[in-house]
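**Student:** With the sequence up front, the predicted model follows.
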There are 2 protein chains.
Amino acid sequence: MKPLVHPALRDITVEGILHALSDPVRVAIYADIVGSDCSQTCSNFVNIVDKPVPKSTLSVHFKALREAGLIRGERRGVEMYNVSRCSEIDGRFPGLIAAIVKAHNIQSEESRTPKVKSGSLKKRRLER
Amino acid sequence: MKPLVHPALRDITVEGILHALSDPVRVAIYADIVGSDCSQTCSNFVNIVDKPVPKSTLSVHFKALREAGLIRGERRGVEMYNVSRCSEIDGRFPGLIAAIVKAHNIQSEESRTPKVKSGSLKKRRLER
DNA sequence: TCAATAGTTCATAACTATTGAACTAAGGAG
DNA sequence: CTCCTTAGTTCAATAGTTATGAACTATTGA
């Protein structure tokens, strides 16, 4: 199987980061990975948004996050574990990732207030 | 002529902002508008990147920035003046715009140092 | 060896972006 | 007033990107 591609820190671009995070599914996945202290498999995220995400689509999203330099993926047996590269990125673009994730969280909180959304996100957290 | 569309603050989304700024031409235009204290016409930006941007393309880029909620445009006679909405946005997503613009500026500085790009902007390299 | 599971690749259809050409609208000059 | 110039918009063609079902690979375990 093809080895995973991870750009060097110096090859990460602001545009690449913004593009990767301009998709609602990807930014939700990424905010979750950044906010969690252990690595995450792809299939954890099938229900990250209200409509289930097909696994081919998830695979493409993870590839986009990896190639933008946002996450690091590692195959372990049949699964793939993903961790964020935010401390690396923070060395080059201080505060960028934190500001985006914070804005995303503010927006998610807002959208919970008007109507009660199905909290599938929080549920997974509990079982760790 | 059609009136300009500007979303209300509450209708501005993080994804919309990130998408609008994930284009190298748009982020350069926007960083310039944010960094300048007076409003700017579209055609000021024909040479914002090394290759001149066609005016139809510029028009579309300004529309994208407006509809993402990043700038406010006002027609004055035959020209259009643009100002950033960053203080409004900052009220809802604190630090987001500043972090992105800062990251963009860091990256622009870097790209002036390592290799001499056919730089139409400034050739800092020569001074080192 | 076979089955199950996790993720990838491929083909194609749907979507999005770029840009030359034609257009509109405002402000002069005569 | 009419004509010209300038700034920006719209349209249509085309180029490029993205989403996803189906088929595939790789690993583990029975």
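**Tutor:** Ah, there it is. Numbering: from 1, shown residues only, chains lettered A, B, ... in the order given.

**Student:** only C-alpha atoms for contact and neighbour calcs from this point on.
**Tutor:** Noted.

**Student:** Out of the helices and strands in chain A, which is least certain?
**Tutor:** helix A:120-126 (a mean of 36; mean pLDDT, DSSP states H and E).

**Student:** Return the residues of chain A in contact with chain B.
**Tutor:** Residues of chain A lying close to chain B (C-alpha under 8 Å from any C-alpha of the partner chain) are A:13-19, A:21-24, A:27, A:93-96, A:99-100, A:102-104, A:106-107.

**Student:** Secondary structure element holding A:Gly80?
**Tutor:** Let me fix one detail, which is that residue A:80 is Met and not Gly. Using DSSP states H and E, A:Met80 sits within strand A:79-84.

**Student:** Check A:Val60 too.
**Tutor:** helix A:55-67.

**Student:** List the buried residues of the helix or strand just after that helix.
**Tutor:** Scanning forward in sequence from helix A:55-67 by DSSP H and E, the next helix or strand is strand A:71-76. Neighbour counts using 16 or more other C-alpha atoms under 10 Å in any protein chain shown place A:71-73 of strand A:71-76 among the buried residues.

**Student:** which residues touch the residue most central in space within chain A?
**Tutor:** By C-alpha atoms, centre = their mean, chain A has its centre lying nearest to A:Tyr30, at 1.6 Å. By C-alpha atoms under 8 Å, 6 or more residues apart in numbering or on different chains, A:Tyr30 lies in contact with A:21, A:65, A:70, A:84.

**Student:** Could you check how many residues crowd around the second one?
**Tutor:** Burial of A:Leu65, expressed as a neighbour count using other C-alpha atoms under 10 Å in any protein chain shown, amounts to 24.

**Student:** Tell me, how many residues neighbour A:Arg10?
**Tutor:** 11.

**Student:** So for it, what's the pLDDT?
**Tutor:** Looking at A:Arg10, its pLDDT is 96.

**Student:** can you check A:Lys2 too?
**Tutor:** The model's pLDDT for A:Lys2 equals 82.

**Student:** is it true that A:His104 lies in a helix?
**Tutor:** Yes. With DSSP: H, G, I helix; E, B strand; the rest coil as the criterion, A:His104 is assigned to a helix.

**Student:** What is the burial count for it?
**Tutor:** Count around A:His104 with other C-alpha under 10 Å applied: 22.

**Student:** isn't it right next to B:Val14, touching?
**Tutor:** Yes. Under the criterion of C-alpha atoms under 8 Å, A:His104 makes contact with B:Val14 at 6.3 Å.

**Student:** so where does the residue nearest to the centre of chain A fall, helix or strand?
**Tutor:** Using DSSP H and E, A:Tyr30 falls in helix A:24-35.

**Student:** and that helix, is it in reach of DNA strand D?
**Tutor:** No. Helix A:24-35 stays clear of DNA strand D (C-alpha under 7 Å from any atom of the strand), getting no nearer than 8.1 Å.

**Student:** okay, the angle between that helix and strand A:79-84?
**Tutor:** Here helix A:24-35 runs at an angle of 80 degrees relative to strand A:79-84 (axes from the mean of the first three to the mean of the last three C-alpha atoms, to 10 degrees).
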